[in-house]
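**Q** Need a 3D model of the following:
(one chain, ligands or ions: 1)
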Amino acid sequence: MNFALNEEQQAVQQAARDFAQNILKPGVIGRDRDQKYPADEVRQMGEMGFLGMMVSPEYGGGGMDTVSYVLAMEELSKVDASCSVIVSVNNSLVCWGLETFGTEEQKQKYLPKLATGEWIGSFCLSEPEAGSDATHQRTTAVDMGDHYLLNGTKNWITNGGTSKLHLVMAQTDKEKRHRGINCLIVEADQEGVTIGAKEDKLGIRGSDTHTIMYSDVKVPKTNRIGDEGFGFKFAMATLNGGRIGIAAQALGIAGGAFELSVTYAKEREAFGQPIAQHQAIAFKLADMAKDIEAAKMLVYRAAWMKDQHMDYSGASAMAKLFASEAAMKHTVEAVQIHGGYGYVKEYHVERLMRDAKITQIYEGTSEVQRIVISRNVLKGQLYVPMWADGVLAH
Ligand code: CAA
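**A** Okay, the predicted model is just below:
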């Protein structure tokens, strides 16, 4: 068992850390306050290669492994989770999905633009009445021979106002239930696509979240990903990887709050000594460190399993569940450690606390992760071998 990062992974980690500190940090409080989309920062992330990290070089990407990607996600998220969600959706849901399941023509047409950040993509699964219950898609894609006619509404779409490409899940054959769902590539400027109002959110306020309406949008059949009826499988397979990215985001948010808390606790004095010397604070730091290390192991392991082409659906769900719960718990503690300073924007931890909440909700709520994990447990499909009868079975 080897826990060491290789040279390339360390270089990516350092580059993301420097970028987050030097480029993202200066404006992060203002972007959160004003709900300002980080257009300039996204352009620079594209130039740095953060938007197509795992895409093959032949399609304009960095050709990196998933471990490098999560290291970058973690460092960016320590400072600005609004920027890191853009990185996550573009890399793991859009580019990875297209490269893994798209046709050669689709890949050549779209991946070079997406991998460089010239275009940003969106993943359109959630609907007003289909969030966790994703098999119940109301959006329809009626088969018209050479094209589909797309109608419906998608909700809470990350990058909704800025993306040029949407991957849209829609029901074609209701009788077949989730096996009648297709994933269609829709260009945002196609006739019949309407971008709704921007959501006014609790956290990740710099990211651009919208409702999107599709009204009689003609989508050529060549824009379908995979075989007829593959759309739900596509969404699930893609989300298995996406959840590793969000787990890394949660890990980064927790890590950012932890780093700030350690520094503050060493500097701030109360009752004649730095508050870090008081057991009440030192024990909070110990609990944070313990959970962040455990989250790190789960997140890196899930990424490594994906790189080894193992079944990682249970591992990614565990990583997301554990890291997002840790992020929520410990960002609240970070605010507590900072006291009154923690409650104001200047000290960053209140934003990290608000940002942490979404990691328990998007790309599958904590409850959905428990569904995925428990089904893996019951099928005996966990990475750690389980003896079917248990060691103490009669
Ligand atoms: N990996 C692979 N396949 C999976 C899977 C997984 N994690 N989860 C389900 N499937 C497969 C099942 O094996 C089944 O396949 P068959 O047709 O071969 O039987 C099929 O999908 C249907 O699954 P279930 O019978 O288990 O369906 P269900 O309704 O009982 O439960 C669910 C499905 C796991 C709850 C699923 O609906 C789900 O994951 N929901 C959450 C959706 C979600 O994560 N949304 C996030 C929106 S995207 C987003 O947030 C992006 C953003 O902008 C940040």
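**Q** Residues of the stretch 201-350 of the chain that sit close to the ligand?
**A** Phe232, Met236, Ala237, Leu239, Asn240, Ser313 (C-beta under 6 Å from any ligand atom). Quick note: C-beta positions are derived from backbone N, CA and C, even for glycine.
**Q** Just the ones in helices from those, please.
**A** With helices taken from DSSP state H, the overlap with those comprises Phe232, Met236, Ala237, Leu239, Asn240, Ser313.
**Q** Among the residues you listed, which one has the most neighbours?
**A** Among these, Leu239 has the most neighbours (other C-beta atoms under 10 Å), with 25 neighbours.
**Q** Next up, the contacts around the residue nearest to that residue when sequence neighbours are not counted.
**A** Ranked by C-beta to C-beta, 6 or more residues apart in numbering and with sequence neighbours excluded, the top spatial neighbour of Leu239 is Glu363, at 5.8 Å. Taking C-beta atoms under 8 Å, 6 or more residues apart in numbering, we find Glu363 in contact with Leu93, Leu239, Gly242, Arg243, Gly245, Ile246, Lys320.
**Q** Just give me the closest of these to the ligand.
**A** Distances from the ligand to these, taken as C-beta to the nearest ligand atom, are shortest for Leu239 (4.9 Å).
**Q** The closest one reaches Gln369, doesn't it?
**A** No. Look at Leu239 against Gln369 with C-beta atoms under 8 Å: they stay out of range, at 10.6 Å.
**Q** residue boundaries of the helices in the stretch 1-150 of the chain?
**A** Counting by DSSP state H, counting those that start in this stretch, the stretch 1-150 of the chain has helices at residues 7-19, 28-34, 39-48, 66-79, 81-88, 96-101, 104-116.
**Q** Between these, which one is closest to Met328.
**A** helix 81-88 (12.6 Å; C-beta to C-beta).
**Q** tell me how far the closest one is from the chain's mean position?
**A** The chain centre lies 7 Å from the centre of helix 81-88; the measure is C-alpha atoms, centre = their mean, to the nearest Å.
**Q** and Asp133, how far is that from His178?
**A** Going from Asp133 to His178 by C-beta to C-beta, to the nearest Å gives 11 Å.
**Q** Show me which of the two is the more surrounded one.
**A** The neighbour comparison of Asp133 against His178 (other C-beta under 10 Å) goes to His178, with 17 against 10.
**Q** what are the phi and psi values for Val262?
**A** Backbone torsions for Val262, taken as degrees, to the nearest 10, come to phi -60, psi -50.
**Q** Assess the claim that it and Ala276 are in contact.
**A** Yes. If you go by C-beta under 8 Å, Val262 and Ala276 touch, sitting 7.4 Å apart.
**Q** Run through the residues that contact the residue nearest the centre of the chain.
**A** By C-alpha atoms, centre = their mean, the chain has its centre lying nearest to Ile246, at 3.4 Å. Counting by C-beta under 8 Å, 6+ apart, Ile246 makes contact with Val85, Ser88, Lys320, Ser324, Thr359, Tyr362, Glu363.
**Q** Okay, and the fourth one sits in which element?
**A** Okay, so that is Ser324. helix 313-338 (DSSP states H and E).
**Q** Give me the contact list for the following helix or strand past that helix.
**A** From helix 313-338 onward toward the C-terminus, using DSSP H and E, the following helix or strand is helix 349-359. The contact list for helix 349-359, computed with C-beta under 8 Å, 6+ apart, reads 28-29, 32, 81-82, 85, 201-205, 246-247, 249-250, 253-254, 256-257, 260-261, 320, 323-324, 327-328, 331-332, 334-335, 338, 342-345.
**Q** Mind checking which of those are buried?
**A** 28, 32, 81-82, 85, 201, 203-205, 246-247, 249-250, 253-254, 256-257, 260-261, 320, 323-324, 327-328, 331, 334-335, 338, 342 (16 or more other C-beta atoms under 10 Å).
**Q** before we move on, the earlier item: does the residue nearest to Leu239 count as helix, strand or coil?
**A** Secondary structure, DSSP: H, G, I helix; E, B strand; the rest coil: Glu363 is coil.
**Q** Okay, it and the ligand: tell me how far apart.
**A** In this view, Glu363 and the ligand are 4 Å apart by C-beta to the nearest ligand atom, to the nearest Å.
**Q** per-residue confidence at that residue?
**A** With respect to pLDDT, Glu363 has a value of 97.
**Q** circling back to that earlier point, would you list the ones in helices among the residues of the stretch 201-350 of the chain next to the ligand in a markdown table and tack on pLDDT?
**A** Formatted as a markdown table, those follow (pLDDT from 0 to 100):
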| residue | pLDDT |
| --- | --- |
| Phe232 | 98 |
| Met236 | 98 |
| Ala237 | 98 |
| Leu239 | 98 |
| Asn240 | 97 |
| Ser313 | 95 |
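**Q** Closest one to Gln9 out of these, please.
**A** For these, the minimum distance to Gln9 (C-beta to C-beta) is 21.6 Å, reached by Asn240.
**Q** Give the full set of residues in contact with the closest one.
**A** Tyr312, Ser313, Ser316, Ala317.
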